[in-house]
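> Sequence below, structure please.
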Amino acid sequence: MLNRNRNRLWLAMLGAVLMLLSACGSNQGETDTSSEVSTADSLALGYATCAHCLTMSLTPDYVEDVNIEATSFASGNDVLTALVSESLDVAQVTYLHYITALDKGFDLVAISGQINGGSEILVGNDVPLEENDWDGFKDLIEQHKQSGEKFRVAASRGNAQDIHMRGEFMLHGIDPVEDLEIINIANPADHASALESGEVDMISTVEPFASQIRLSEAGKHFVYPYEQNAGNLTNLIVTRSDVIEEKEDALYEVVGGIVSLVGDLEENPDLWLDVLSENTSLSEEVSREAMKNSFPDYQMHLDETLAIAEMMEDLQYIQSDVREEAVEHMDYRFIEQATGKSAEELGK
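You can find the predicted model right below:
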């Protein structure tokens, strides 16, 4: 792990690096970096403003002995920047942020999972494809090639849905580069109009935008891209090594609260629904539909994390093989204590 002086040296590069990422693809809120440096018995926690992430706002309700200042940010990019710049102690980001940060040498330690899933591949209403019709998809790809125009697929480059999509295509023998025209539409809020207008034929997007597309009939379901080696991994809770050194007991308390929160979300979906209702303009119908494709999960799935790192290197989203670092920077002690389970039972 690198010390904080080296972190500051790298920090100037972070903005450019994170332009490749779109954590949850949200532009729903404004970044708030006003968190004050926390004390020994308090922690500053940050999370993105997206359907997957907003339940983190409930964390303070699950922790009794630590004062948690929970702050929402416009995106996971902003959350990660705040963590690395030491404005936060704990952050909810994506596994892709975790791998990218390790590639750039940042001091990042994963301490818990949170919520996975949220990816869906949809096609335009005029595209003659049924659900999971991979043979039909390959036929369409060949037809487009013969016409001189590749089949057009959109995603937000570098986010979880982009990686899920590319991995799923390769699993089914489709080369994303050679066989398709991949179009980057950074903001998932623009995905529906691109699909409905015919600008693209297919799109890989995130909840709740996927549910909005289906329910508004702007497009139709093709596949949930979870068969590839990265599975359905999305969100991860991370901190820094200095926070572990200085506030280890507080982190145990916070992770215990997150584990309890995840359990309640599994047992009581209405708890999640209430959070979305209070913090977004989503209709109840869209919120409930989006929740069907999201999976509360405090485990940290190492094999799938390494698969993400390998895919990101293959796609040149990162410049080095960080699989060894990914193993070293996953600290299972906190969820082990919170659950009474071993690291091996928790995804290691």
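> can we go C-alpha only for contacts and neighbour counts from here?
Fine.
> can you give me the helices for this protein?
Ranges of helices in the chain, per DSSP state H, are 4-18, 76-84, 95-103, 134-147, 160-171, 191-196, 209-215, 241-267, 269-279, 284-291, 302-314, 323-328, 333-339.
> beta partners of L236?
Per DSSP bridges, the residues bridged to L236 are V93, G113.
> Make 21 the starting number, not 1.
Got it, first residue is 21 now, which makes that one L256.
> How many residues are close by it?
L256: 24 surrounding residues under other CA atoms under 10 Å.
> Quick check, it in contact with V129.
No - using CA atoms under 8 Å, L256 is not in contact with V129, being 10.1 Å away.
> just to revisit the earlier point, so which of the helices of the chain comes closest to D199?
Among those, the nearest to D199 by CA to CA is helix 154-167 (6.7 Å).
> For the closest one, which outside residues touch it?
Here helix 154-167 makes contact (CA atoms under 8 Å, 6 or more residues apart in numbering) with L149, K170, F171, H192, I194, D199, L200.
> Next, format the residues you listed as JSON lines and append pLDDT and distance to R234.
Formatted as JSON lines, the contacts of helix 154-167 follow (pLDDT from 0 to 100; distance: CA to CA, whole Å):
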{"residue": "L149", "pLDDT": "96", "distance to R234": "15"}
{"residue": "K170", "pLDDT": "96", "distance to R234": "24"}
{"residue": "F171", "pLDDT": "97", "distance to R234": "21"}
{"residue": "H192", "pLDDT": "96", "distance to R234": "24"}
{"residue": "I194", "pLDDT": "97", "distance to R234": "25"}
{"residue": "D199", "pLDDT": "97", "distance to R234": "26"}
{"residue": "L200", "pLDDT": "97", "distance to R234": "23"}
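> With respect to E305, which of those residues is nearest?
After measuring these against E305 - CA to CA - the closest member comes out as L149, at 25.6 Å.
> I'd guessed the closest one sits against F242; true?
Yes - counting by CA under 8 Å, F242 is a contact partner of L149 at 7.4 Å.
> Tell me where the model's unsure across this structure.
21-60 (pLDDT under 70).
> mind giving me the domain split of it?
24-137+252-366, 139-243 (automatic domain parsing).
> Now the terminal residues of the shortest one, how far apart.
The first residue of domain 139-243 is 9 Å away from its last residue (CA to CA, to the nearest Å).
> mind checking how far that domain is from the chain centre?
From the chain centre to the centre of domain 139-243 is a distance of 19 Å (CA atoms, centre = their mean, to the nearest Å).
> Near the nearest residue to S92 once chain neighbours are set aside, how many residues? Count them for me, please.
Take S92 and drop its neighbours on the chain: the residue closest to it by CA to CA, 6 or more residues apart in numbering is Y67, 5.1 Å away. Other residues within reach of Y67, judged by other CA under 10 Å, total 26.
> repeat for D294
For D294, using other CA under 10 Å, the count is 13.
> For it, which residues are in contact?
With CA under 8 Å, 6+ apart, D294 has no contacts at all.
> What count of nearby residues applies to R353?
Residues near R353, counting by other CA under 10 Å: 15.
> How about K368?
15.
> what sits against the residue nearest to it when sequence neighbours are not counted?
For K368, ignoring the flanking residues on the chain, the nearest one in space by CA to CA, 6+ apart is L322 at 5.2 Å. Residues near L322 by CA under 8 Å, 6+ apart: V347, G367, K368.
> can you tell me which of those lies nearest to W292?
Nearest member of those to W292, counting by CA to CA, is G367, at 24.4 Å.
> Quick check, that closest one in contact with Y318.
No - with contact defined as CA under 8 Å, G367 does not reach Y318; the gap is 9.6 Å.
> Quick check: closest non-adjacent residue to M190.
P196 (7.2 Å).
> Let me see the backbone angles for the one you found.
Phi and psi for P196, reported as degrees, to the nearest 10, are phi -60, psi -30.
> residues in contact with it?
Contacts of P196 by CA under 8 Å, 6+ apart are R186, F189, M190, I202.
> Just the buried ones among these, please.
R186, F189, I202 (16 or more other CA atoms under 10 Å).
> and the gap between the first one and I223?
Right, the one you point to is R186. 11 Å.
> Which pair in the contacts of P196 has the greatest spatial separation?
Farthest pair in the contacts of P196, by CA to CA: M190 and I202, 13.8 Å.
> So the residue nearest to M190 versus V173, what's the distance?
9 Å.
> so what sits against both of those two?
Common neighbours of P196 and V173, using CA under 8 Å, 6+ apart, are I202.
> how deep is L100 tucked in, by neighbour count?
When neighbours are counted by other CA under 10 Å, L100 comes out with 31.
> Name the residues linked to the closest residue to S77 other than its chain neighbours by a beta bridge.
With CA to CA, 6+ apart as the criterion, S77 has its nearest non-adjacent residue at 6.1 Å, and that residue is A90. Listed by DSSP bridges, the beta-bridge partners for A90 are L65.
> residues in contact with A90?
A64, L65, G66, Y67, M76, S77, T79, P80.
> picking that back up, for Q134, which of the helices of the chain is the nearest?
Short answer: helix 261-287, nearest of those by CA to CA, at 6.8 Å.
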